[in-house]
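Participant: Kindly generate the corresponding structure for this input.
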Amino acid sequence: MAEKTAAKTCVISKSDFFASAKPLEITINGIPMLADVKEFSTGSFGFFINGKVSIKVGEKSVPVQIGANFTVVNSKEAK
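Facilitator: I've put the predicted structure just below:
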C-alpha cells in the first residue's frame, strides 16, 4: 500500500513535474498500460489513462472501459 501523506502544499513545481514526469506504468488485470502525463482542466496535474480491457467474470470475458486520473496532491496550487 502506498504511504499516506499529510502534505498541505504540493511537493513539486509544475515546471519540474512536466520536465521530469514520464508515463506511469499501470497493470490492469495482467495487462500493462501507460497513463499519460497530463495537466487537467482544473489546473492540477498528474497522470491519466483510458482504454478498454476484457475481464473474466465466471466463464465469460467481459469488456470494460477504464478511465482513471492520478492527481498529484495539491498540484492545483503548485507554482
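Participant: So for the residue nearest in space to the middle of the chain, what's the pLDDT?
Facilitator: When Cα atoms, centre = their mean is applied to the chain, the residue found nearest the centroid is F70 (2.9 Å). With respect to pLDDT, F70 scores 97.
Participant: close enough to count as contact, it and F45?
Facilitator: No: if you go by Cβ atoms under 8 Å, F70 and F45 don't touch, sitting 10.0 Å apart. (Glycine included, C-beta is placed from N, CA and C.)
Participant: quick revisit: how about the residue nearest to the centre of the chain: what's its closest non-neighbour residue?
Facilitator: F47 (4.1 Å; Cβ to Cβ, 6 or more residues apart in numbering).
Participant: For that neighbour, name its beta-bridge partners.
Facilitator: For F47, the beta-bridge partners are V37, F70 (DSSP bridges).
Participant: Kindly report the same for the one 5 residues further on.
Facilitator: Listed beta-bridge partners, K52: Q65 (assigned using DSSP bridges).
Participant: Do I have it right that S13 meets K79?
Facilitator: Yes: between S13 and K79 there is a contact under Cβ under 8 Å: 5.3 Å.
Participant: Settle it for me: which of those two has more neighbours?
Facilitator: Applying other Cβ atoms under 10 Å to S13 and K79 shows that S13 carries more neighbours, namely 12 against 9.
Participant: What pLDDT is listed against that one?
Facilitator: Reported pLDDT for S13: 95.
Participant: so what's it up against?
Facilitator: By Cβ atoms under 8 Å, 6 or more residues apart in numbering, the contact set of S13 is 78-79.
Participant: How about the contacts made by the nearest residue to K14 once chain neighbours are set aside?
Facilitator: In space, K14 comes closest to A78 once its chain neighbours are excluded; the distance is 4.9 Å by Cβ to Cβ, 6+ apart. Counting by Cβ under 8 Å, 6+ apart, A78 touches 10, 12-14, 17, 45, 72.
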